[in-house]
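1. with the sequence up front, the predicted model follows.
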Amino acid sequence: MITRTIKITETVLRDAQQSLIATRMPIEDMIPILEEMDEAGYEAVECWGGATFDSCLRYLNEDPWERLRIFRKKFKKTKLLMLLRGQSLLGYRHYADDVVDAFVKQFILNGIDIIRIFDALNDVRNIESCLKACKKYGGHAQLAIAYTVSPIHTVDYFTELATKLAKMGADSLCIKDMAGIMTPDVAYKLVSNIKSAVNLPLEVHTHATAGISKMTYLKALEAGADMIDTAISPFSGGTSQPATESMVLGMSGLGFKTDLNMDRLNEIAIYFKKIRSKYHENGLLKLKMLYTDPRALTYQVPGGMLSNLLSQLTQQGLEGKFDTVLNEVPNVRMDLGYPPLVTPLSQMVGTQALMNVLTGQRYQLVSSEIKNYLLGKYGQAVAPIDEDLRQSIIGDEAVIRGRPADLLEAELPRLTEEIADYAKNIEDVLDYALFPQIARDFLGRREDRFYDIPIQEIEVII
Ligand code: CO
């Protein structure tokens, strides 16, 4: 048997805690273990982007950029990977190209090595700007397919998409199965097809929600996948990733080895077990989220979205409606042309399903984001949108067919002026660009809470 070395990305610092505890882990709970993690032999740690930025400002009173600089300082050997929502960056709408460039520059300047870039609709025009900036500042651009299931989203469709992403100039590719709904047979076919069509490293990302994830990873590896994403055991399972240690142990003997050090992994697991108990006690870690739920294969709802929906309903004392709302999600999705359920579309579709259930009348209330989606401001859905529904919500307003950001004028000058009272540097302006009110509050009460690590200067690679 030929043994192949598989690279592992650890997700506990981003996706695992996003999926299990709604991204509420502060940097203080991470710092004591970062150096140990750096010695474990991971290829990369997924540690930033996605909801972490939002959560730092909104809930944790933490400067997300400072968090990133701490990671860079502690991880000397391990690559830092972040997740980026294409032209929506780390927010919920499309930003102008000048904002995209400024953000990507700051990511790389502060130490990000790999930027995993995806577009919620798999509209590749929404990835172009991020890719260009990532190359310009010397980052590794990992372009990701947002995996979903629908009559349109076939293995052929995704293989063609992967080929397109490779031609655009990806440094590596990722199949991002954010809802954990990729079955082992599909993983095998899709990875085989992509590996024979494209000569690039391929990473597979899934979630344990439906209980099939380890089989999915195994079949993906058998088909030639180079890297997989896993979470250290105390933050694994349920809506998170499969456990790192279990995957490593399970793969060995099947022809797949890793560079991971089992003793180090055990130390990391012991540490995070303590951290986990804390969230368990304060109620953030919902036991429900840890149960294997094969219904995820029907709902196609990502882990982070499940835990956020439940927390929204619980706050209003309506957790009894959880299953009804989840049943409405596939209906809303069909009406909207089968968008993959990934940020920001997962929130948009989730909120719409919630409103449809709570008002008792479908589409009586529609968010401005859904209106913008129907206007084409997020790009093109792969399947047709229900035209009657579109008409009833946006009337005769013209639908955008081109790249949405082409219609956006440069935003940085206006944003810089608007937050001039509070902003000390470009990072503050970028916080404001993403979340105007939250950033204004945060910057207004900011204190120097953490280490004073100066912002680095970097040479621009053109
Ligand atoms: Co994920």
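-> Structure received. Numbering: from 1, shown residues only.
2. and the closest residue to Ile194 other than its chain neighbours, what helix or strand is that in?
-> Spatial nearest neighbour of Ile194, excluding adjacent residues (CB to CB, 6 or more residues apart in numbering): Ala162 at 4.5 Å. No exception for glycine: its C-beta is placed from N, CA and C like everyone else's. Using DSSP states H and E, Ala162 sits in helix 155-168.
3. hmm, who's touching that helix?
-> Applying CB atoms under 8 Å, 6 or more residues apart in numbering, the contact partners of helix 155-168 are 122, 124, 127-128, 131, 143, 145, 147, 173, 175, 186, 189-190, 193-194, 197-200, 382.
4. what about the residue nearest to Ile194, how many neighbours?
-> Per other CB atoms under 10 Å, the neighbour tally for Ala162 reads 26.
5. re earlier: state the mean pLDDT of the helix holding Ala162.
-> Mean pLDDT, helix 155-168: 98.
6. and after that helix, which helix or strand comes next?
-> Proceeding N to C from helix 155-168, the next assigned helix or strand is strand 172-176, under DSSP H and E.
7. and Val329, what is it in contact with?
-> By CB under 8 Å, 6+ apart, Val329 lies in contact with Tyr299, Gln300, Val301, Leu341, Val349, Gly350, Ala353.
8. for it, what are phi and psi?
-> Main-chain dihedrals, Val329, degrees, to the nearest 10: phi -60, psi -50.
9. if you drop the residues flanking it in sequence, what lies closest to it?
-> Ala353 (4.7 Å).
10. can you pull the residues of the stretch 1-150 of the chain lying near the ion?
-> Neighbours of the ion within the stretch 1-150 of the chain, by CB under 5 Å from the ion: Asp15.
11. in the stretch 1-150 of the chain, what residue is nearest the ion?
-> Nearest to the ion, among the residues of the stretch 1-150 of the chain, is Asp15, at 4.3 Å (CB to the ion).
12. surely that residue is in a helix?
-> Yes: counting by DSSP: H, G, I helix; E, B strand; the rest coil, Asp15 is found in a helix.
13. tell me which helix or strand the nearest residue to it once chain neighbours are set aside sits in.
-> Counting by CB to CB, 6+ apart, the nearest residue to Asp15 once its immediate chain neighbours are dropped is Glu46, at 5.9 Å. Taking DSSP H and E as the criterion, Glu46 maps to strand 44-49.
14. next one: Ile268
-> If you go by DSSP H and E, Ile268 is part of helix 262-281.
15. and the next helix or strand past that helix?
-> Assigned by DSSP H and E, the successor of helix 262-281 is helix 296-299.
16. for that following helix, name the packing helices and strands.
-> If contacts are counted by 3 or more CB pairs under 8 Å, 6 or more residues apart in numbering; DSSP states H and E, helix 296-299 sits against helix 322-335.
17. how far does the helix it packs on sit from its chain's centre?
-> 21 Å (CA atoms, centre = their mean, to the nearest Å).
18. now do the buried residues in it.
-> Neighbour counts over helix 322-335 (16 or more other CB atoms under 10 Å) mark Phe322, Val325, Leu326, Glu328, Val329, Pro330, Val332, Arg333, Asp335 as buried.
19. contacts only, for the first one.
-> Applying CB under 8 Å, 6+ apart, one finds that Phe322 lies in contact with Leu309, Leu310, Leu313.
20. for those, which one is nearest the ion?
-> Checking the contacts of Phe322 against the ion by CB to the ion gives Leu309 as the nearest, at 15.8 Å.
21. the closest one: neighbour count?
-> Using other CB under 10 Å, Leu309 has 23 neighbouring residues.
22. one more: Asn356?
-> 22.
23. which residue packs closest to it, ignoring adjacent ones?
-> Distances taken as CB to CB, 6+ apart put Arg362 closest to Asn356, at 4.5 Å, once the chain neighbours are dropped.
24. mind checking the SS state of that neighbour?
-> The local conformation at Arg362, judged by three-state DSSP, is coil.
25. from the ion, how far off is it?
-> Plainly put, Arg362 is 29 Å away from the ion if you go by CB to the ion, to the nearest Å.
26. ramachandran angles for that residue?
-> phi -60, psi 130.
27. one step back: out of the contacts of helix 155-168, which are buried?
-> Buried members of these, scored by 16+ other CB under 10 Å, are 122, 124, 127-128, 131, 143, 145, 147, 173, 175, 186, 189-190, 193-194, 198, 200, 382.
28. so which of the residues you listed are in helices?
-> Residues of the buried ones among the contacts of helix 155-168 located in helices (DSSP state H): Glu128, Leu131, Val186, Lys189, Leu190, Asn193, Ile194.
29. pipe those into a markdown table and attach pLDDT and distance to Pro32 per row.
-> Compiled in a markdown table, these are given as follows (pLDDT from 0 to 100; distance: CB to CB, whole Å):
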| residue | pLDDT | distance to Pro32 |
| --- | --- | --- |
| Glu128 | 98 | 40 |
| Leu131 | 98 | 36 |
| Val186 | 98 | 40 |
| Lys189 | 98 | 43 |
| Leu190 | 98 | 39 |
| Asn193 | 98 | 43 |
| Ile194 | 98 | 39 |
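30. looking at those residues, which is nearest Val104?
-> Closest approach between those and Val104, by CB to CB: Leu131, at 9.2 Å.
31. element containing the nearest residue in space to that closest one that is not next to it in sequence?
-> Nearest non-adjacent residue to Leu131, counting by CB to CB, 6+ apart: Ala141, 5.2 Å away. Using DSSP H and E, Ala141 falls within strand 140-146.
32. what about Tyr188, neighbour count?
-> 21.
33. tell me who's in contact with it.
-> Counting by CB under 8 Å, 6+ apart, Tyr188 has contacts Lys219, Ala220, Glu222, Ala223.
34. my guess is the second one is in a helix, correct?
-> Yes: secondary structure assignment places Ala220 in a helix (three-state DSSP).
35. could you measure from it over to Pro184?
-> Distance, Ala220 to Pro184, by CB to CB, to the nearest Å: 8 Å.
36. comparing the two, which residue is more hemmed in?
-> For the pair Ala220 and Pro184, the greater number of neighbours falls to Ala220 (29 against 18), based on other CB under 10 Å.
37. name the residue closest to the centre of the chain, please.
-> Gly50 (4.6 Å; CA atoms, centre = their mean).
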